[in-house]
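Undergrad: please find the sequence and the predicted model below.
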Amino acid sequence: MSSRWLIVIIILFACFFSSCDLKRSNPLDPNGEGDIVIPDPVTGISYTATADQDLRVVTIRWVANSPYNTDGYYVYRGIGYNSSFALVGTVTINEFTHSSANDPSIQPGYYWYRVSAYKVYPEGKLEGRRSEPFSVKVP
Amino acid sequence: MKAINKILLAVALCLLMEIVAAPIKAQSFDIQAFSDTTKYGWKNYLDRNAYREDLKQRQELLQIYEMEAQPLNTNILKSALIPGWGQFSTKESTKGTVILGAEIVLAGGAYYFMDRAMSKYRLYEKATQVDDIEKYYKDAQVPYQYSFIMIGFAGIIWAYNIFDVIQSTQDYNVRLWEEIIERTQRGPVNITPTGVEVRF
(Lines give C-alpha, C1' and ligand atoms only; values in the text may rest on other atoms or scores of the structure.)
Protein backbone atom coordinates (compact mmCIF):
# COMPACT_ATOMS: atom_id res chain seq x y z
CA MET A 1 0.00 0.00 0.00
CA SER A 2 1.42 3.37 -0.98
CA SER A 3 1.93 6.07 1.61
CA ARG A 4 -0.57 8.28 -0.27
CA TRP A 5 -3.35 5.78 0.37
CA LEU A 6 -2.32 5.51 3.98
CA ILE A 7 -2.59 9.30 4.40
CA VAL A 8 -6.02 9.30 2.71
CA ILE A 9 -7.25 6.53 5.02
CA ILE A 10 -5.95 8.36 8.10
CA ILE A 11 -7.64 11.62 7.01
CA LEU A 12 -10.94 9.83 6.33
CA PHE A 13 -10.64 8.09 9.65
CA ALA A 14 -9.98 11.38 11.46
CA CYS A 15 -12.94 13.04 9.67
CA PHE A 16 -15.23 10.17 10.59
CA PHE A 17 -14.32 10.28 14.25
CA SER A 18 -14.31 14.07 14.46
CA SER A 19 -17.86 14.07 13.10
CA CYS A 20 -19.06 12.02 16.07
CA ASP A 21 -21.32 14.35 18.05
CA LEU A 22 -22.45 14.17 21.63
CA LYS A 23 -26.17 13.71 22.06
CA ARG A 24 -28.06 16.89 22.94
CA SER A 25 -29.81 15.29 25.88
CA ASN A 26 -30.64 18.44 27.83
CA PRO A 27 -34.44 18.78 27.52
CA LEU A 28 -34.11 22.60 27.62
CA ASP A 29 -31.56 22.69 24.79
CA PRO A 30 -33.07 24.78 21.96
CA ASN A 31 -30.90 22.82 19.49
CA GLY A 32 -32.18 19.52 20.79
CA GLU A 33 -35.20 17.57 19.65
CA GLY A 34 -37.73 19.36 21.88
CA ASP A 35 -39.95 22.26 20.81
CA ILE A 36 -38.11 24.88 22.85
CA VAL A 37 -38.41 28.64 22.37
CA ILE A 38 -35.58 30.88 23.59
CA PRO A 39 -36.74 33.87 25.66
CA ASP A 40 -35.90 37.20 24.04
CA PRO A 41 -33.11 39.28 25.58
CA VAL A 42 -34.27 42.04 27.91
CA THR A 43 -34.05 45.52 26.34
CA GLY A 44 -34.85 49.10 27.24
CA ILE A 45 -33.51 48.88 30.77
CA SER A 46 -33.74 51.96 33.01
CA TYR A 47 -33.28 52.41 36.74
CA THR A 48 -33.61 54.76 39.66
CA ALA A 49 -31.76 54.68 42.96
CA THR A 50 -32.95 56.58 46.01
CA ALA A 51 -31.91 56.86 49.64
CA ASP A 52 -34.01 58.06 52.51
CA GLN A 53 -32.12 57.89 55.82
CA ASP A 54 -31.41 54.15 56.22
CA LEU A 55 -33.68 52.98 53.43
CA ARG A 56 -32.01 52.57 50.04
CA VAL A 57 -34.05 51.48 47.06
CA VAL A 58 -33.01 50.54 43.53
CA THR A 59 -35.81 50.23 41.01
CA ILE A 60 -35.13 48.69 37.60
CA ARG A 61 -37.55 48.72 34.66
CA TRP A 62 -37.40 47.31 31.15
CA VAL A 63 -39.53 46.63 28.09
CA ALA A 64 -41.77 43.62 28.64
CA ASN A 65 -41.17 40.63 26.39
CA SER A 66 -43.86 38.76 24.51
CA PRO A 67 -45.67 36.21 26.71
CA TYR A 68 -45.06 33.73 23.88
CA ASN A 69 -41.42 33.40 24.90
CA THR A 70 -41.30 34.86 28.41
CA ASP A 71 -42.96 33.92 31.69
CA GLY A 72 -40.76 35.96 34.06
CA TYR A 73 -37.44 37.67 34.68
CA TYR A 74 -34.30 37.13 36.73
CA VAL A 75 -32.34 40.06 38.19
CA TYR A 76 -28.66 39.62 39.10
CA ARG A 77 -26.26 41.88 40.93
CA GLY A 78 -22.46 42.02 41.10
CA ILE A 79 -19.80 44.33 42.41
CA GLY A 80 -18.04 44.85 39.09
CA TYR A 81 -18.54 44.49 35.35
CA ASN A 82 -16.56 41.28 35.16
CA SER A 83 -17.38 40.01 38.64
CA SER A 84 -19.62 37.09 39.35
CA PHE A 85 -23.32 37.95 39.57
CA ALA A 86 -25.72 36.64 42.19
CA LEU A 87 -29.44 36.26 41.70
CA VAL A 88 -31.22 38.91 43.77
CA GLY A 89 -34.76 38.60 42.50
CA THR A 90 -37.29 36.83 40.32
CA VAL A 91 -40.32 38.71 39.00
CA THR A 92 -43.10 38.12 36.52
CA ILE A 93 -43.55 41.79 35.60
CA ASN A 94 -41.16 44.20 33.87
CA GLU A 95 -40.10 45.96 37.08
CA PHE A 96 -37.98 45.01 40.06
CA THR A 97 -37.43 46.84 43.32
CA HIS A 98 -34.31 46.07 45.27
CA SER A 99 -34.65 47.53 48.76
CA SER A 100 -32.37 47.57 51.77
CA ALA A 101 -35.48 46.78 53.81
CA ASN A 102 -35.31 43.26 52.38
CA ASP A 103 -31.64 43.06 51.53
CA PRO A 104 -29.25 44.73 54.03
CA SER A 105 -26.34 44.23 51.61
CA ILE A 106 -27.45 47.36 49.73
CA GLN A 107 -24.98 49.96 50.91
CA PRO A 108 -23.98 53.26 49.37
CA GLY A 109 -21.71 52.68 46.37
CA TYR A 110 -21.66 51.27 42.86
CA TYR A 111 -23.34 48.00 41.92
CA TRP A 112 -23.77 46.22 38.60
CA TYR A 113 -27.03 44.62 37.55
CA ARG A 114 -28.07 42.24 34.78
CA VAL A 115 -31.55 41.12 33.77
CA SER A 116 -32.70 38.08 31.84
CA ALA A 117 -36.02 36.54 30.84
CA TYR A 118 -37.12 32.96 31.39
CA LYS A 119 -39.72 30.62 30.00
CA VAL A 120 -41.31 27.83 32.03
CA TYR A 121 -41.33 24.34 30.55
CA PRO A 122 -42.37 21.04 32.14
CA GLU A 123 -38.65 20.13 32.35
CA GLY A 124 -37.74 23.41 34.10
CA LYS A 125 -37.17 27.07 33.47
CA LEU A 126 -35.12 28.04 30.43
CA GLU A 127 -33.28 31.30 30.95
CA GLY A 128 -32.52 33.52 27.97
CA ARG A 129 -29.45 35.66 27.34
CA ARG A 130 -28.53 38.03 30.13
CA SER A 131 -28.36 41.75 29.47
CA GLU A 132 -25.06 43.59 29.48
CA PRO A 133 -24.14 44.65 33.03
CA PHE A 134 -25.12 48.23 33.87
CA SER A 135 -23.90 50.17 36.87
CA VAL A 136 -26.14 51.72 39.49
CA LYS A 137 -24.89 54.24 42.00
CA VAL A 138 -26.65 53.86 45.36
CA PRO A 139 -26.51 57.20 47.24
CA MET B 1 -29.02 -46.55 -44.55
CA LYS B 2 -29.34 -47.71 -40.97
CA ALA B 3 -26.22 -49.86 -41.31
CA ILE B 4 -24.18 -46.88 -42.53
CA ASN B 5 -25.35 -44.86 -39.56
CA LYS B 6 -24.30 -47.62 -37.18
CA ILE B 7 -20.85 -47.81 -38.77
CA LEU B 8 -20.40 -44.06 -38.58
CA LEU B 9 -21.45 -44.08 -34.93
CA ALA B 10 -18.99 -46.85 -34.13
CA VAL B 11 -16.16 -44.98 -35.85
CA ALA B 12 -17.04 -41.79 -33.99
CA LEU B 13 -17.02 -43.64 -30.66
CA CYS B 14 -13.63 -45.17 -31.43
CA LEU B 15 -12.21 -41.75 -32.27
CA LEU B 16 -13.64 -40.29 -29.10
CA MET B 17 -12.16 -43.07 -26.96
CA GLU B 18 -8.79 -42.58 -28.63
CA ILE B 19 -8.84 -38.88 -27.81
CA VAL B 20 -9.86 -39.48 -24.20
CA ALA B 21 -7.50 -42.36 -23.57
CA ALA B 22 -4.42 -40.78 -25.20
CA PRO B 23 -3.19 -38.86 -22.11
CA ILE B 24 -3.77 -41.93 -19.91
CA LYS B 25 -1.60 -44.00 -22.16
CA ALA B 26 1.09 -41.29 -22.18
CA GLN B 27 1.20 -41.25 -18.33
CA SER B 28 1.63 -44.96 -17.90
CA PHE B 29 3.69 -46.07 -14.89
CA ASP B 30 7.43 -46.25 -15.61
CA ILE B 31 8.94 -48.95 -13.39
CA GLN B 32 12.43 -48.24 -14.70
CA ALA B 33 12.34 -44.62 -13.67
CA PHE B 34 10.80 -45.51 -10.29
CA SER B 35 13.49 -48.04 -9.38
CA ASP B 36 16.38 -45.91 -10.61
CA THR B 37 18.33 -45.01 -7.44
CA THR B 38 20.73 -42.71 -9.30
CA LYS B 39 17.98 -40.14 -9.76
CA TYR B 40 18.72 -38.80 -6.25
CA GLY B 41 22.37 -38.37 -7.18
CA TRP B 42 23.52 -41.52 -5.34
CA LYS B 43 26.15 -43.29 -7.30
CA ASN B 44 26.82 -45.94 -4.72
CA TYR B 45 26.11 -47.10 -1.18
CA LEU B 46 28.42 -44.48 0.37
CA ASP B 47 26.56 -41.67 -1.35
CA ARG B 48 23.28 -43.00 -0.03
CA ASN B 49 24.76 -43.26 3.45
CA ALA B 50 26.05 -39.72 3.29
CA TYR B 51 22.63 -38.51 2.20
CA ARG B 52 21.03 -40.35 5.09
CA GLU B 53 23.46 -38.76 7.55
CA ASP B 54 22.70 -35.33 6.13
CA LEU B 55 18.98 -35.95 6.43
CA LYS B 56 19.36 -37.14 10.00
CA GLN B 57 21.34 -34.02 10.89
CA ARG B 58 18.73 -31.78 9.31
CA GLN B 59 16.01 -33.52 11.27
CA GLU B 60 17.91 -32.85 14.47
CA LEU B 61 18.28 -29.21 13.48
CA LEU B 62 14.59 -29.08 12.76
CA GLN B 63 13.86 -30.35 16.25
CA ILE B 64 16.02 -27.59 17.73
CA TYR B 65 14.32 -25.09 15.46
CA GLU B 66 10.88 -26.23 16.52
CA MET B 67 11.85 -25.86 20.16
CA GLU B 68 13.27 -22.36 19.74
CA ALA B 69 11.00 -20.96 17.02
CA GLN B 70 8.31 -18.45 17.91
CA PRO B 71 4.78 -19.74 17.23
CA LEU B 72 2.94 -17.27 15.03
CA ASN B 73 -0.50 -17.70 16.62
CA THR B 74 0.86 -17.20 20.12
CA ASN B 75 2.64 -14.02 19.08
CA ILE B 76 -0.47 -12.69 17.38
CA LEU B 77 -2.44 -13.39 20.55
CA LYS B 78 0.21 -11.69 22.68
CA SER B 79 0.21 -8.59 20.51
CA ALA B 80 -3.58 -8.54 20.38
CA LEU B 81 -3.74 -8.53 24.19
CA ILE B 82 -0.83 -6.18 24.84
CA PRO B 83 0.39 -4.32 21.74
CA GLY B 84 4.14 -4.77 21.32
CA TRP B 85 4.37 -7.96 23.40
CA GLY B 86 4.79 -10.13 20.31
CA GLN B 87 7.55 -7.83 19.03
CA PHE B 88 9.35 -8.17 22.38
CA SER B 89 9.18 -11.95 21.98
CA THR B 90 10.82 -11.72 18.57
CA LYS B 91 13.64 -9.63 20.06
CA GLU B 92 12.42 -6.45 18.32
CA SER B 93 12.43 -4.43 21.53
CA THR B 94 12.62 -0.99 19.92
CA LYS B 95 9.59 -1.61 17.78
CA GLY B 96 7.75 -3.17 20.70
CA THR B 97 8.58 -0.20 22.92
CA VAL B 98 7.41 2.30 20.31
CA ILE B 99 4.14 0.44 19.71
CA LEU B 100 3.44 -0.11 23.39
CA GLY B 101 4.39 3.49 24.23
CA ALA B 102 2.20 4.90 21.46
CA GLU B 103 -0.74 2.79 22.58
CA ILE B 104 -0.33 3.84 26.21
CA VAL B 105 -0.09 7.53 25.26
CA LEU B 106 -3.08 7.31 22.92
CA ALA B 107 -5.21 5.30 25.34
CA GLY B 108 -4.26 7.62 28.22
CA GLY B 109 -4.98 10.69 26.10
CA ALA B 110 -8.30 9.27 24.97
CA TYR B 111 -9.27 8.57 28.59
CA TYR B 112 -8.17 12.07 29.69
CA PHE B 113 -10.14 13.83 26.96
CA MET B 114 -13.17 11.60 27.49
CA ASP B 115 -13.10 12.36 31.21
CA ARG B 116 -12.93 16.11 30.48
CA ALA B 117 -15.72 15.81 27.95
CA MET B 118 -17.96 13.94 30.36
CA SER B 119 -17.42 16.42 33.20
CA LYS B 120 -18.46 19.26 30.85
CA TYR B 121 -21.32 17.16 29.50
CA ARG B 122 -22.72 16.72 33.01
CA LEU B 123 -22.71 20.52 33.40
CA TYR B 124 -24.44 20.80 30.03
CA GLU B 125 -27.16 18.39 31.13
CA LYS B 126 -27.86 20.47 34.23
CA ALA B 127 -27.62 23.91 32.57
CA THR B 128 -30.80 26.00 32.29
CA GLN B 129 -29.41 29.15 30.68
CA VAL B 130 -29.07 29.24 26.89
CA ASP B 131 -25.51 30.59 26.89
CA ASP B 132 -24.43 28.02 29.49
CA ILE B 133 -26.14 25.23 27.53
CA GLU B 134 -24.29 26.17 24.35
CA LYS B 135 -20.98 26.83 26.11
CA TYR B 136 -20.93 23.56 28.05
CA TYR B 137 -21.99 21.59 24.99
CA LYS B 138 -19.14 23.05 22.92
CA ASP B 139 -16.71 22.56 25.82
CA ALA B 140 -17.74 18.90 25.97
CA GLN B 141 -17.78 18.35 22.22
CA VAL B 142 -14.17 19.32 21.50
CA PRO B 143 -12.45 16.91 23.94
CA TYR B 144 -14.99 14.25 23.00
CA GLN B 145 -13.83 14.44 19.37
CA TYR B 146 -10.17 14.47 20.43
CA SER B 147 -10.87 11.36 22.45
CA PHE B 148 -12.46 9.59 19.50
CA ILE B 149 -9.61 10.59 17.16
CA MET B 150 -7.13 9.17 19.67
CA ILE B 151 -9.13 5.96 19.97
CA GLY B 152 -9.08 5.75 16.17
CA PHE B 153 -5.33 6.19 15.97
CA ALA B 154 -4.89 3.65 18.76
CA GLY B 155 -6.97 1.27 16.63
CA ILE B 156 -4.81 1.91 13.58
CA ILE B 157 -1.64 1.26 15.58
CA TRP B 158 -3.19 -1.87 17.07
CA ALA B 159 -3.99 -3.18 13.58
CA TYR B 160 -0.49 -2.31 12.36
CA ASN B 161 0.92 -4.06 15.44
CA ILE B 162 -0.88 -7.27 14.46
CA PHE B 163 0.31 -6.95 10.87
CA ASP B 164 3.84 -6.25 12.04
CA VAL B 165 4.03 -9.13 14.52
CA ILE B 166 3.29 -11.58 11.70
CA GLN B 167 6.23 -10.26 9.71
CA SER B 168 8.45 -9.98 12.77
CA THR B 169 7.76 -13.58 13.74
CA GLN B 170 8.44 -14.85 10.25
CA ASP B 171 11.68 -12.85 10.05
CA TYR B 172 12.70 -14.05 13.49
CA ASN B 173 12.14 -17.69 12.55
CA VAL B 174 14.12 -17.29 9.31
CA ARG B 175 16.98 -15.72 11.25
CA LEU B 176 16.73 -18.46 13.86
CA TRP B 177 17.04 -21.22 11.23
CA GLU B 178 20.10 -19.54 9.72
CA GLU B 179 21.58 -19.10 13.20
CA ILE B 180 21.01 -22.78 14.09
CA ILE B 181 22.71 -23.89 10.89
CA GLU B 182 25.61 -21.53 11.55
CA ARG B 183 25.83 -22.72 15.16
CA THR B 184 26.10 -26.38 14.20
CA GLN B 185 28.63 -25.72 11.47
CA ARG B 186 31.01 -24.25 14.01
CA GLY B 187 33.36 -26.53 15.91
CA PRO B 188 33.28 -27.12 19.67
CA VAL B 189 35.95 -24.45 20.21
CA ASN B 190 35.54 -21.08 18.49
CA ILE B 191 37.20 -17.72 18.68
CA THR B 192 34.52 -15.06 18.88
CA PRO B 193 34.82 -11.25 19.10
CA THR B 194 34.13 -11.53 22.82
CA GLY B 195 36.59 -14.33 23.55
CA VAL B 196 36.99 -18.06 23.22
CA GLU B 197 33.76 -20.07 23.09
CA VAL B 198 33.82 -23.74 24.14
CA ARG B 199 30.71 -25.83 23.55
CA PHE B 200 30.22 -29.22 25.21
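TA: Looks like it arrived, so ask away.
Undergrad: around chain A, which positions in chain B sit nearby?
TA: Listed as neighbours of chain A in chain B under the rule C-beta under 8 Å from any C-beta of the partner chain: B:117, B:121, B:124-131, B:133-134, B:137, B:140-141, B:144-145, B:148-149, B:151-153, B:156. The C-beta positions use only the backbone N, C-alpha and C, and glycine is treated the same way.
Undergrad: run me through the strand neighbours of the longest strand anywhere in chain A, direction for each.
TA: Ranked by residue count under DSSP state E, the longest strand found in chain A is strand A:109-121. Strand A:109-121 has the following sheet partners, assigned by DSSP bridges: strand A:72-78 (antiparallel), strand A:124-127 (antiparallel), strand A:134-138 (antiparallel).
Undergrad: I'd like the distance from that strand to the chain centre, please.
TA: Centre-to-centre, strand A:109-121 and its host chain are 7 Å apart (C-alpha atoms, centre = their mean, to the nearest Å).
Undergrad: quick one: buried residues of it?
TA: If you call a residue buried by 16 or more other C-beta atoms under 10 Å in any protein chain shown, then strand A:109-121 has these buried ones: A:Tyr111, A:Trp112, A:Tyr113, A:Arg114, A:Val115, A:Ser116, A:Ala117, A:Tyr118, A:Lys119, A:Tyr121.
Undergrad: next: stretch B:40-55.
TA: Across stretch B:40-55, burial judged by 16+ other C-beta under 10 Å covers no residue at all.
Undergrad: average pLDDT for that stretch, rounded please.
TA: Regarding stretch B:40-55, the rounded mean pLDDT is 83.
Undergrad: contacts only, for the closest residue to A:Thr92 other than its chain neighbours.
TA: Spatially, and ignoring its direct neighbours in sequence, A:Thr92 is nearest to A:Gly72 (4.4 Å; C-beta to C-beta, 6 or more residues apart in numbering or on different chains). For A:Gly72, the contact set (C-beta atoms under 8 Å, 6 or more residues apart in numbering or on different chains) comprises A:Thr90, A:Val91, A:Thr92, A:Ala117, A:Tyr118, A:Val120, A:Lys125.
Undergrad: same check on A:Lys125?
TA: A:Lys125 makes contacts with A:Asp71, A:Gly72, A:Tyr118, A:Lys119, B:Thr128, as judged by C-beta under 8 Å, 6+ apart.
Undergrad: right, and the secondary structure at residue 47 would be what?
TA: I went with chain A, as the question did not name one. strand (DSSP: H, G, I helix; E, B strand; the rest coil).
Undergrad: that's the other chain; I wanted chain B
TA: Classification of B:Asp47 using three-state DSSP returns helix.
Undergrad: if I look at it, how far off is B:Ala102?
TA: Distance, B:Asp47 to B:Ala102, using C-beta to C-beta, to the nearest Å: 57 Å.
Undergrad: still on that earlier bit, drop anything exposed from the residues of chain B next to chain A.
TA: Among these, those classed as buried by neighbour count (16+ other C-beta under 10 Å) are B:117, B:121, B:124-125, B:127, B:129-130, B:133, B:137, B:140-141, B:144-145, B:148-149, B:151-153, B:156.
Undergrad: quick one, helices of the chain?
TA: Just going to use chain A. Ranges of helices within chain A are A:3-18, based on DSSP state H.
Undergrad: looking at chain B here, not the other one
TA: Using DSSP H, helices in chain B cover B:2-26, B:31-34, B:45-68, B:72-81, B:85-89, B:93-126, B:130-185.
Undergrad: what parts of chain A come near chain B?
TA: With C-beta under 8 Å from any C-beta as the criterion, chain A meets chain B at residues A:10, A:13-14, A:16-18, A:20-22, A:24-26, A:28-31, A:38, A:116, A:124-130.
Undergrad: spatially central, which residue of chain B would that be?
TA: B:Ile166 (3.7 Å; C-alpha atoms, centre = their mean).
Undergrad: residues touching that residue, list them.
TA: Going by C-beta under 8 Å, 6+ apart, B:Ile166 touches B:Leu72, B:Asn75, B:Ile76.
Undergrad: which of those are buried? Put it as a PyMOL command.
TA: The following PyMOL line selects those of the contacts of B:Ile166 that are buried, judged by 16+ other C-beta under 10 Å:
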select buried, chain B and resi 75+76
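Undergrad: which of the contacts of B:Ile166 lies closest to chain A?
TA: Distance to chain A across these (C-beta to the nearest C-beta) is lowest for B:Ile76, with 20.1 Å.
Undergrad: okay, the closest one and B:Arg183: tell me how far apart.
TA: Noted for B:Ile76: a distance of 28 Å to B:Arg183, by C-beta to C-beta.
Undergrad: next up, the contacts around A:Asp40.
TA: Contact analysis of A:Asp40 by C-beta under 8 Å, 6+ apart lists A:Asn65, A:Ser66, A:Asn69, A:Thr70, A:Ala117, A:Gly128.
Undergrad: no more questions from me, cheers.
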